[in-house]
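S.K.: coords below, sequence missing:
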């Protein structure tokens, strides 16, 4: 599966990429929302992990954009953020996010969650087809 | 003259009888204007609409008898007709009020008799009416008298020529206590005369009454008499006489004046008390000549002026008792211009030269014997009042001063929400214009959120504290309103006092602190995520090669360092805040420090695609500074510039001397700072809100730097344009060389 990781912190990008690549996923990275959109359009990923607080374009705006665009609207988006308040969750889901993971996270759990979610999304996709 | 016709109603069910009546009237040319009813029902109908002078009715009617219509003809005389053999009924009819009756005979002779009966009936009716009128008039006047006498507040008593009571009204009973039955026929004088001094008077009165002539007649006298229970009380007695039958009858009108006497006594007492009181207040009364000598004076006058006797006064010059002697001329001019002067306030001197305030009321008069002018006047010592007034004035002035200079807004409203008092500060706080007049509370709150609805809603509370009121125009302000109710001398609410404190700044800081806490917690979470994440990754994957493992350990190390720096920042701001920073001030050159930092950041900048340059003037002067602080200040500004400058930007560092200052310039081509935020960037926890972007920062860096520069007796200037870049100029004072 192709997974896009959008985060302005390069260590987090590295951490997530390394762990997900162990599960044989193909990983793309971007360091802000604008870049994330460009990569998403170019690579057509199966899932996007999206940080919220980023320069140039933040996660909410990026998520909204992706969910409005016909080419990207069906890609599941997981928010990955240090912001853990209820209002942050509300904002994320209002922007169209499919799930929300708070930092710091457990890498093992992250891997599992993403695998299960990917499977169920794929199944649903098949059914729709 | 045409005689008026007699209105007749004939009630007759027999058609032949009807025709006979009509024919008879016509043949005899009788002056009757008649109607005919053929039945009882028809008769009732006619009688309801019309009045008749006379009614002639047959006894037997098709639908009833004549008795059925009696109630319709109460005031109208009526004549009854019956058939032969109905005499008994005729008698009954007469008893019921019929004027006359006729037995109808075959030949109808009875018709011949009708006109006479009608004449008689009408005459009788007229007589009856006149008599009734007379009787009614009499009855009415009797009733009137009875009503008046029983309702009268005065006792009305009539005595016959022997002094016996013949009339006794309700009030007489109430006043004296005797029932009508007990007193009628008794001798009044014996019963009510007390054994006191007016017994003699009453006795002579009695004899005078008996002769019919009395000096008391027609007069009103006051006397004390006895009630039934022998209790004496005061009355006012008016007597009049009227000659009835055998002799003179007296009519006595008597009023109980006990209450009036009491009131009179009370008045007298209070008057006496007042007189005593007045006697104790020294009011000087004097007469003086135009030339300035006392002509006469009362003892109080001497006492007020501190002299032993009034004779002593006559020897002094009046001018000498004025604190300002020239004032006498002014005063006299005024008296003569106006004729008199009331309560003129002057400062006078006592004999021992102590000054006091006096109120003088005086009048200019002319002596007609020698045409000289003199003055009559009274003097009161009003020093106490004056002092109280002065105290009051001073209190008011002090209060006004406090009111106008206090940092809080103050306003006072009465119970109608109208303004009684306010200070200038409140006008400013509520965003109002100074020169516009405000009358009511709602005038004052026009610039508040919802026109001050929150305050109006709290008005029914007698007091409240720290009610948050938001002013929206012309700038946003948050005010805390504290209110208390004040009462009038009767304890009723007379209005409210409001004290408004500006807490805009405090509220801002509160908000900043909240955002700081969340900002710090975010900043902490990012490095922690890496530290936990990479350690767990290594624990889970034993087969990671050495190179990757080293990379991860390196990240963990750096992120731990970053975490440590952040904690350091937070601690350092709290140290500065609590004044716990210990500076090690020495005479140093800060050039090498700046050069070191430049060398470190150059690499950072290159990675970000930013051109970083540094120019340090030769021979820069020494300054008195703490090495570590200068290091931190420089790092904070340079770090900031890097944070807010994008790829392709430029940052230049410059260190140079200008007059008495060493200046560190840090200029970037970054995002710039919006004008409205330029003053706030040094506030703790503040970070510029940039929609759509989030740049990491604790909001502490500039705050720390500013505090440190301040502690070095320096200052910072900011020049910035949004989208173009920012220039910070940091001024450090140069050490003066001792020549």
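M.R.: On my side now, so go ahead. Computed from a predicted model, the values in this text were never measured in an experiment.

S.K.: In three-state terms, label the residue of the stretch 201-350 of chain B found nearest chain A for me.
M.R.: Among all residues of the stretch 201-350 of chain B, residue B:345 sits closest to chain A, at 73.2 Å; criterion: Cβ to the nearest Cβ. Quick note: C-beta positions are derived from backbone N, CA and C, even for glycine. Counting by DSSP: H, G, I helix; E, B strand; the rest coil, the backbone at residue B:345 sits in strand.

S.K.: Next, the contact list for it, please.
M.R.: Residues near residue B:345 by Cβ atoms under 8 Å, 6 or more residues apart in numbering or on different chains: B:357, B:358, B:359, B:360, B:382, B:386.

S.K.: Please list the members of those that lie in strands.
M.R.: B:357, B:358, B:359, B:360 (DSSP state E).

S.K.: Which of these sits closest to residue B:67?
M.R.: Of all the ones in strands among the contacts of residue B:345, residue B:67 sits closest to residue B:359, with 96.6 Å by Cβ to Cβ.

S.K.: Just give me the neighbour total for the closest one.
M.R.: 16 (other Cβ atoms under 10 Å in any protein chain shown).

S.K.: Does it touch residue B:379 like I think?
M.R.: Yes - counting by Cβ atoms under 8 Å, residue B:379 is a contact partner of residue B:359 at 7.3 Å.

S.K.: Can you spell out which helices and strands pack onto the longest helix along chain B?
M.R.: Identified as the longest helix of chain B according to DSSP state H is helix B:110-151. When contacts are defined as 3 or more Cβ pairs under 8 Å, 6 or more residues apart in numbering or on different chains; DSSP states H and E, helix B:110-151 packs onto strand B:6-11, helix B:15-27, strand B:54-58, strand B:78-82, strand B:100-103, helix B:170-176.

S.K.: what does the second one rub up against?
M.R.: Helix B:15-27 is touched from outside by B:10, B:12, B:30, B:32, B:34, B:36, B:38, B:56, B:58, B:104, B:108, B:111, B:114, with contacts defined as Cβ under 8 Å, 6+ apart.

S.K.: Now the buried members of those residues.
M.R.: B:10, B:12, B:30, B:32, B:34, B:36, B:38, B:56, B:58, B:104, B:111, B:114 (16 or more other Cβ atoms under 10 Å in any protein chain shown).

S.K.: Identify the residues contacting residue B:718.
M.R.: Neighbour list for residue B:718: B:673, B:678, B:681, B:726, B:727, B:728, B:729 [criterion: Cβ under 8 Å, 6+ apart].

S.K.: Neighbour-wise, give me the winner out of the residues you listed.
M.R.: Of the contacts of residue B:718, with other Cβ under 10 Å as the count, residue B:726 tops at 25 neighbours.

S.K.: would it count as being in a strand?
M.R.: Yes - assigned with three-state DSSP, residue B:726 falls within a strand.

S.K.: Go ahead and flag the most central residue of chain A.
M.R.: Residue closest to the average C-alpha location in chain A (Cα atoms, centre = their mean): residue A:49, at 1.8 Å.

S.K.: Okay, residue B:404 and residue B:504: tell me how far apart.
M.R.: To residue B:504, residue B:404 is 21 Å away according to Cβ to Cβ, to the nearest Å.

S.K.: Skipping its backbone neighbours, what lies nearest the residue in the stretch 51-200 of chain B that chain A sits nearest to in space?
M.R.: Closest residue of the stretch 51-200 of chain B to chain A, Cβ to the nearest Cβ: residue B:153 (85.6 Å). Nearest residue to residue B:153 in three dimensions, chain neighbours excluded: residue B:171, at 6.2 Å (Cβ to Cβ, 6 or more residues apart in numbering or on different chains).

S.K.: Next one: that neighbour relative to residue B:235, how far apart?
M.R.: 12 Å.

S.K.: Is residue B:729 bridged to anything, and to what?
M.R.: Beta-bridge partners for residue B:729, by DSSP bridges, are residue B:665, residue B:717.

S.K.: check contacts around it.
M.R.: Taking Cβ under 8 Å, 6+ apart, one finds B:663, B:664, B:665, B:716, B:717, B:718, B:719 in contact with residue B:729.

S.K.: what separates the fifth one from residue A:118, distance-wise?
M.R.: When you say that, I think you mean residue B:717. Separation of residue B:717 from residue A:118 (Cβ to Cβ): 56 Å.

S.K.: again with the fourth one
M.R.: To residue A:118, residue B:716 is 53 Å away according to Cβ to Cβ.

S.K.: again with the last one
M.R.: For residue B:719, the distance to residue A:118 equals 53 Å [Cβ to Cβ].

S.K.: Look at those two and report which has more neighbours.
M.R.: Neighbour tally, residue B:719 and residue A:118, criterion other Cβ under 10 Å: the higher count belongs to residue A:118, 17 against 14.

S.K.: Using the three-state scheme, assign the more buried one.
M.R.: helix.

S.K.: you'd agree it is up against residue A:48?
M.R.: No - applying Cβ under 8 Å as the test, residue A:118 and residue A:48 come out as separate, 11.7 Å apart.

S.K.: Now do the shared contacts for these two.
M.R.: By Cβ under 8 Å, 6+ apart, the residues touching both residue A:118 and residue A:48 are residue A:76.

S.K.: can you pull the contacts of the closest residue in space to residue A:118 that isn't next to it in sequence?
M.R.: Distances taken as Cβ to Cβ, 6+ apart place residue A:1 nearest to residue A:118, at 5.5 Å, with adjacent residues excluded. Listed by Cβ under 8 Å, 6+ apart, the contact set of residue A:1 reads A:25, A:26, A:46, A:47, A:118.

S.K.: Now, those that are in helices?
M.R.: Those of the contacts of residue A:1 lying in helices (DSSP H): residue A:118.

S.K.: Let me see the mean pLDDT of stretch B:437-456.
M.R.: What stretch B:437-456 shows for mean pLDDT is 89.

S.K.: Give me the domain ranges for chain B.
M.R.: B:6-131, B:152-261, B:286-388, B:410-502, B:508-573, B:581-733 (automatic domain parsing).

S.K.: for the record, mean pLDDT for the first one?
M.R.: So that's domain B:6-131. Mean per-residue pLDDT for domain B:6-131: 82.

S.K.: Do me a favour and get the end-to-end distance for it?
M.R.: Domain B:6-131 stretches 22 Å from its first residue to its last (Cα to Cα, to the nearest Å).

S.K.: what's the distance between it and the middle of its chain?
M.R.: 78 Å (Cα atoms, centre = their mean, to the nearest Å).

S.K.: contacting residues for the residue nearest to the centre of chain A?
M.R.: Residue A:49 neighbours (Cβ under 8 Å, 6+ apart): A:3, A:4, A:5, A:6, A:7, A:16, A:78, A:80, A:101, A:114.

S.K.: Among those residues, name the ones in strands.
M.R.: Counted as lying in strands by DSSP E, out of the contacts of residue A:49, are A:3, A:4, A:5, A:6, A:78, A:80, A:101.

S.K.: what about the residue lying closest to the last one once chain neighbours are set aside, distance to residue B:482?
M.R.: Spatial nearest neighbour of residue A:101, excluding adjacent residues (Cβ to Cβ, 6+ apart): residue A:80 at 5.1 Å. Distance of residue A:80 to residue B:482, computed by Cβ to Cβ: 49 Å.
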